[in-house]
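Chemist: The sequence isn't on hand, but the structure is:
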């Protein structure tokens, strides 16, 4: 598996890493003013991404949201694999693997 910082570096259009990054950025505090420079925001983002416990909870929430989205699209508890994006296919495979190993 990859760590939070590595997942955040993934910049593909529909990657789980991109969703994780967007969620992290949305949770960063801001003073709402002009004093937030791009460099300050990047430093803050890096600092938060280095916090393993925070990243675990963040990733858990993102995965939960993605799974709820998939469940809402299911028909009688079944998903049409052809309708899944590559990141959704990867998520389903990871969940199946986790269930088999736990």
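Modeler: Perfect, I can see it now. Predicted, not measured: the structure shown is a model, and the values here were computed from it.
Chemist: Now do the helix ranked longest in the chain: which elements does it pack against?
Modeler: Using DSSP state H to assign secondary structure, the helix with the most residues in the chain is helix 52-73. If contacts are counted by 3 or more CB pairs under 8 Å, 6 or more residues apart in numbering; DSSP states H and E, helix 52-73 sits against helix 4-9, helix 16-27, helix 38-49, helix 86-101. Placement of C-beta: from N, CA and C, glycine included.
Chemist: How many residues are close by the nearest residue to residue 83 once chain neighbours are set aside?
Modeler: Leaving out its chain neighbours, the residue that sits closest to residue 83 by CB to CB, 6 or more residues apart in numbering is residue 73, at 7.0 Å. Residues near residue 73, counting by other CB atoms under 10 Å, number 12.
Chemist: so how far is residue 80 from residue 73?
Modeler: Look at residue 73 and residue 80: by CB to CB, to the nearest Å, they are 8 Å apart.
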